[in-house]
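In: prediction below, plus the sequence it came from.
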Amino acid sequence: MSEIVFDSVTHAFGDRPVLRGVDLRFSERRVGIIGSNGSGKSTLARMINGLLKPTSGTVTVDGVDAARKGAQVRRKVGFVFTDPDTQIVMPTVSEDLAFSLRRSGLSKQEIAARVEEILVRFRLDQHADHPAHLLSGGQKQLLAIGAVLIRRPEVVIADEPTTLLDLRNARVVSEALDSMDQQVIVVTHQLALLESFERVIVIDDGLVAFDGSPDDAVPAYRQLVE
Ligand SMILES: Nc1ncnc2c1ncn2[C@@H]1O[C@H](COP(=O)(O)OP(=O)(O)OP(=O)(O)O)[C@@H](O)[C@H]1O
C-alpha cells in the first residue's frame, strides 16, 4: 500500500480558508472521508494526486510531493469524479476506455486486451460499441471507474462515486469498489459504504475532527452535526 502524508496542509480559495492545518498519515487498504457539505473533503482528496495544490504544507505519496510531481503521482493514483459525464470523453464505450491509454506507450493489441478485460469485468461488453452517453447512470460510473483502472493505478480515489445513483446502481458501484485490489480512498455521504473500511476520517470545517474505525467515526460525525 502507498503511504499518503499530509503535513500541516492548508488551503484557501481566495481569502477563504478551506483546510486549516491538516496532519494525516495513512496507508490502509480502505479509507473513508466523511463530513458535512463544504467541510473540505473534496479539496483534501484532490490534493492527493495534485489536482489541487496546498496553499501551505505538503502532501506526499510514498515520499513524492503531489504538488511538484503531479504527473508522476497521477501515474500511481487514479481519481474517479462524482459525475461520470465529466470523465467520459469519447463517443463509444470501448473508445473511451482506450482513450485512457493513449499516452501509455502500450501496443494496440495490449490496449485492446485491457479494454476487453475491463468491459467483461464491469459487464459492459454488450455495450462496447454503444454511445457512452446512452448508458445508465450506474453503467456510466462503472465506465468512469474502468477508465481509471485500465491504467492499473496502485491507489484509487473516488469522490462521492454513488451520490448521483439510485440504490441499485449505488450498490453495483459499491461492489465494484469493494472488489478492487487497489488501495481505495472514498469521499462519501453514504455511510453504509464504509462499514468494512479500516479507517474513516471525519473532516469538519477544514480540520480532522475524528480519525478511527467506522464504528467509532460514524457516531462521532453524527455527534458533530447534532
Ligand atoms: N474552485 C473553488 N473556488 C472557490 N471556492 C471553492 C472552490 N471549490 C470549493 N470551494 C469551497 O470550498 C469549500 C470546501 O469545498 P469542498 O468541495 O472541499 O467540500 P466538501 O466537504 O467536499 O463538500 P460536499 O460534501 O458538499 O461535496 C466549500 O465552501 C466550497 O464552496
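Out: Cool, got the structure.
In: name the helices or strands packed onto the worst-scoring helix or strand of the chain on mean pLDDT?
Out: Least confident helix or strand of the chain, by mean pLDDT, DSSP states H and E, is helix 167-178 with a mean of 88. Helices and strands touching helix 167-178, by 3 or more Cβ pairs under 8 Å, 6 or more residues apart in numbering; DSSP states H and E, are helix 137-149. (Each C-beta comes from the backbone N, C-alpha and C, glycine too.)
In: who's in contact with the nearest residue to P54 once chain neighbours are set aside?
Out: Nearest residue to P54 in three dimensions, chain neighbours excluded: V9, at 4.6 Å (Cβ to Cβ, 6 or more residues apart in numbering). Neighbouring residues of V9 by Cβ atoms under 8 Å, 6 or more residues apart in numbering: 19, 21-23, 44, 47, 54, 56-59.
In: need the buried ones from these selected in PyMOL.
Out: Filtering the contacts of V9 down to the buried ones (16 or more other Cβ atoms under 10 Å) takes a single PyMOL command:
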select buried, resi 19+22+44+47+54+57+58+59
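In: quick check, nearest of the contacts of V9 to the ligand?
Out: When those are compared for distance to the ligand (Cβ to the nearest ligand atom), L44 wins out at 6.7 Å.
In: off-centre distance for the least confident helix or strand of the chain?
Out: Chain-centre distance of helix 167-178: 14 Å, with Cα atoms, centre = their mean, to the nearest Å.
In: please apply the same query to stretch 151-166.
Out: Centroid separation between stretch 151-166 and its chain, computed with Cα atoms, centre = their mean, is 4 Å.
In: helices along the protein, start to end?
Out: 41-48, 70-76, 93-99, 108-121, 137-149, 167-178, 214-225 (DSSP state H).
In: among the ones you listed, which comes closest to the ligand?
Out: Judged by Cβ to the nearest ligand atom, the one of the helices of the chain that comes nearest to the ligand is helix 41-48, at 3.3 Å.
In: beta-bridge partners for the residue nearest to P54, please?
Out: Following DSSP bridges, V9 is listed with bridge partners V22.
In: stretch 2-13 vs the ligand: in contact?
Out: Yes: judged by Cβ under 6 Å from any ligand atom, stretch 2-13 and the ligand are in contact via F13.
In: next, the buried residues of that stretch.
Out: 2, 4-6, 9, 11.
In: of the residues you listed, closest to the ligand?
Out: For the buried residues of stretch 2-13, the nearest to the ligand is H11 (8.3 Å; Cβ to the nearest ligand atom).
In: pLDDT value on the closest residue to the closest one other than its chain neighbours, please?
Out: The shortest distance from H11 to any non-neighbouring residue, by Cβ to Cβ, 6+ apart, is to L19 (4.2 Å). Listed pLDDT for L19 reads 97.
In: what lies in contact with stretch 218-226?
Out: By Cβ under 8 Å, 6+ apart, the surrounding residues in contact with stretch 218-226 are 34-36, 191, 194, 200, 202, 204, 209-210, 212.
In: brilliant, that's me finished.
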